[in-house]
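Q: curious how this folds, go ahead:
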Amino acid sequence: MYFDMYYLVLVLPMIVLSMWAQAKVNSSFKKYSKVSTRRGLTATDAVRQILDNNGLYDVKIEAIAGNLTDHYDPKSNVIRLSDSVRNSTSVAAVGVAAHEAGHAVQHATGYAPIRWRNSLVPAANIGSKLSIPLIILGLVLLGAESVFGMTMVYAGIIMFSLAVLFQIVTLPVEFDASRRAISVLGDGGYLYEEEVGSVRKVLSAAAMTYVAAAATSVAQLLRLILIARDRD
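A: Numbers count the residues shown, from 1 in each chain. Got it, this is the predicted structure:
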């Protein structure tokens, strides 16, 4: 029976970190969803004003089902706000929505990391789908044809590294969108100072989910490299 020590030591702690980060963002959003903004702006109103103030009149705002499924779609030029966000006047909802507006501004201004991330999307999608099948097939073939089998394994690792690179490049994109949101909400007079502090807590918790996801991917890549080294 095979015992995967690398998974236990490298990957499992990162999975625990990811679970903690997700629980943290959920609890932070739930907590500050109960705190209404003193100006009474809904998340949709705040986003529309932020977009218009940046000249992004063509960016639409649409509804999307779910909880915290909010995102900016650059292909459709649409910000989609979830059921728990779009009509809410809470500081949590306004913060999440402003974060998505930050992504729209990034695209409009040609923010370099988001251009890098977009260019990696096709390769990352292919890598995430093909990497594990290639590695498994290569390990299966090791007994019959070791050279070809190891070639398949390393090809799979290279494919997986593209998905990992995408996760890493995502970090500055998300951090910058949150920074933009916090800055505009405070400097633009959308929220009072103490409300901006609450938004910062929500978005900082959300940022940890991206950090945990990237750390898990890096740990998984290192695990695959070590397994391949042992089998080579």
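Q: which ones are touching Y32?
A: 90-92, 95, 198-199, 201-202 (CB atoms under 8 Å, 6 or more residues apart in numbering). The C-beta positions use only the backbone N, C-alpha and C, and glycine is treated the same way.
Q: from these, which single one is nearest N54?
A: G95 (17.5 Å; CB to CB).
Q: residue contacts, the closest one?
A: So G95 contacts 32, 181-182, 185, 198-199, 202-203 (CB under 8 Å, 6+ apart).
Q: ok, now with 6 Å
A: 199, 202-203 (CB atoms under 6 Å, 6 or more residues apart in numbering).
Q: out of the residues you listed, list just those in helices.
A: 199, 202-203 (DSSP state H).
Q: pick the one among the contacts of G95 closest to A63.
A: V202 (20.6 Å).
Q: roughly how far apart are the closest one and A177?
A: Per CB to CB, to the nearest Å, V202 is found 13 Å from A177.
Q: now do the helices in this structure.
A: Counting by DSSP H, the helices of the chain are 5-6, 12-32, 43-53, 91-109, 112-141, 146-187, 193-231.
Q: deepest of those, which one?
A: Comparing the helices of the chain by mean neighbour count (mean count of other CB atoms under 10 Å), helix 91-109 ranks first with a mean of 25.
Q: centre of the chain to it, how far?
A: Between the centre of helix 91-109 and the centre of its chain there are 14 Å (CA atoms, centre = their mean, to the nearest Å).
Q: swap in stretch 212-230?
A: With CA atoms, centre = their mean as the basis, stretch 212-230 stands 19 Å off its chain's centre.
Q: still on that earlier bit, just the contacts of G95 now: which is nearest S146?
A: Closest approach between the contacts of G95 and S146, by CB to CB: L203, at 49.6 Å.
Q: got the phi/psi numbers for G188?
A: Here is the backbone geometry of G188 (degrees, to the nearest 10): phi -80, psi 0.
Q: tell me how far it lies from R180.
A: In terms of CB to CB, G188 sits 11 Å off from R180.
Q: specify the beta-bridge partners of I79.
A: I61, Y72 (DSSP bridges).
Q: doesn't Y72 make contact with it?
A: Yes: I79 is within contact range of Y72, at 5.1 Å (criterion: CB atoms under 6 Å).
Q: which one's more surrounded, those two?
A: Counted by other CB atoms under 10 Å, I79 and Y72 do not tie: I79 has more neighbours, with 26 against 22.
Q: any idea of the pLDDT on the closest residue to Y111 other than its chain neighbours?
A: Counting by CB to CB, 6 or more residues apart in numbering, Y111 lies nearest to D176, which is 6.7 Å off, once chain neighbours are set aside. Here, the pLDDT recorded for D176 equals 97.
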